[in-house]
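> need a 3D model of the sequence below.
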Amino acid sequence: MSSTELTRTDLGRALCIITGASRGFGRTVAREMSRLVKPGSALVLAARSADDLRALKVELAESEAGRAGLVVECVVADLGEVGGLESVVRASEEAFSEHMDHIILFNNAASLGDVSRYTQSFTNMAEVDSYLSLNVSSSLCLTARVLQAFPQRPGVRRTVVNISSLCALQPFRSWVLYCTGKAARDMMFKVLAEEEPDLRVLNYAPGPLDTAMQTEARFRTADPSLRKSYLDMFAQSQLLSCETSCAKLTKLLLEDTYTSGAHVDFYEL
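Numbers count the residues shown, from 1 in each chain. Alright, predicted model coming up:
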């Protein structure tokens, strides 16, 4: 890799597609990407919350990037439904222009699932299928649709980022849905990296973030030892801000030296 690539300070004229962009880590990623892309870039922000997306769009429009002409498209969609995926892809195709040289997909949308119960209680297939549809199937199908819409072409880089978790690697009691979903997604993108050598694929685990999902984990987790560990982390101010974690993700993307398909944790950097 050349020294120019190692010292890259921006992500080019990019089309950035970010799921789960209305809150938490996804919202922070959107803000950071707006600062890292060159003029002539576009962000496609997908989430279920219309009000939060609109507020973010206004914020970005008033930013330096917005004043420089950054295009921001919001897609209110349930990614667990086919129609939601189609809306994101359609908006992405409309936002793309021929002078763009980088396509970046952030698979961030996810849910914690019911952590108030243990594995043996999950006997309802429809409940499990619904969770996996949003957290696994939608990521696979959206990624496939985006890659089909924007096939390999000279002069255009393509990057796929999966927001992963330590739960993809280690079992957490009473978190069977979340651990299963994260493990499946990690393997999904490892396979993608093997199949598509021109792609840059990253599984990034952002660490324990101070978000609404973390609040849910502290008060709903069935396993007492795990619940206590999260309560202690919060009490001792050990949770990470989304901005702190996103800064390391940004560093990874700019340096671009990670092994494609690798799982990289915040604490490894």
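> mind listing the helices for the chain?
Assigned by DSSP state H, the helices in the chain fall at 3-6, 24-36, 50-61, 64-67, 82-95, 125-132, 138-149, 176-195, 212-220, 224-235, 242-255.
> which of those helices sits most buried?
Sort the helices of the chain by mean neighbour count, taking mean count of other CB atoms under 10 Å, and helix 24-36 sits at the top with a mean of 23. For every residue, glycine as well, the C-beta is placed using N, CA and C.
> what angle separates that one from helix 50-61?
Per axes from the mean of the first three to the mean of the last three CA atoms, to 10 degrees, the angle that helix 24-36 makes with helix 50-61 is 20 degrees.
> give the other helices and strands that helix 24-36 contacts.
Counting contacts by 3 or more CB pairs under 8 Å, 6 or more residues apart in numbering; DSSP states H and E, helix 24-36 packs against strand 14-19, strand 42-47, helix 50-61, helix 64-67, strand 102-107, helix 242-255.
> pick out the shakiest of these, pLDDT-wise.
Ranked by mean pLDDT, the helices and strands packed on helix 24-36 bottom out at helix 64-67, with a mean of 85.
> mean pLDDT lowest for which of the helices of the chain?
The lowest average pLDDT among the helices of the chain, as it happens, falls on helix 3-6, at a mean of 47.
> if we look at the sheet, which residues does the closest residue to residue 61 other than its chain neighbours bridge to?
Excluding the flanking residues, the one nearest residue 61 by CB to CB, 6 or more residues apart in numbering is residue 72, at 6.5 Å. Bridge pairing for residue 72 (DSSP bridges) gives the partners residue 43.
> how close does residue 72 sit to residue 263?
30 Å (CB to CB, to the nearest Å).
> same deal with residue 52?
29 Å.
> so what pLDDT did the spatially most central residue of the chain get?
Taking CA atoms, centre = their mean, the centroid of the chain lies closest to residue 108, which sits 2.2 Å from it. At residue 108, the predicted lDDT confidence score is 98.
> looking at it, it is touching residue 26, isn't it?
Yes - using CB atoms under 8 Å, residue 108 is in contact with residue 26, at 4.2 Å.
> now list whatever residues contact both of those two.
Shared contacts of residue 108 and residue 26, defined by CB atoms under 8 Å, 6 or more residues apart in numbering, are found at 18, 19, 20, 163.
> distance to residue 212 and neighbour count added to those, as a markdown table?
Output for those, formatted as a markdown table (distance: CB to CB, whole Å; neighbours: other CB atoms under 10 Å):
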| residue | distance to residue 212 | neighbour count |
| --- | --- | --- |
| 18 | 17 | 26 |
| 19 | 16 | 27 |
| 20 | 12 | 24 |
| 163 | 15 | 26 |
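> which of these sits closest to residue 247?
For the shared contacts of residue 108 and residue 26, the minimum distance to residue 247 (CB to CB) is 14.8 Å, reached by residue 163.
> quick one on the thing from earlier: so which of the helices of the chain comes closest to residue 44?
Closest of the helices of the chain to residue 44 is helix 82-95, at 4.9 Å (criterion: CB to CB).
> residues contacting the closest one, please?
15, 17, 19, 42, 44, 46, 71, 73, 75, 77-79, 138, 141-142, 145-146, 149-150.
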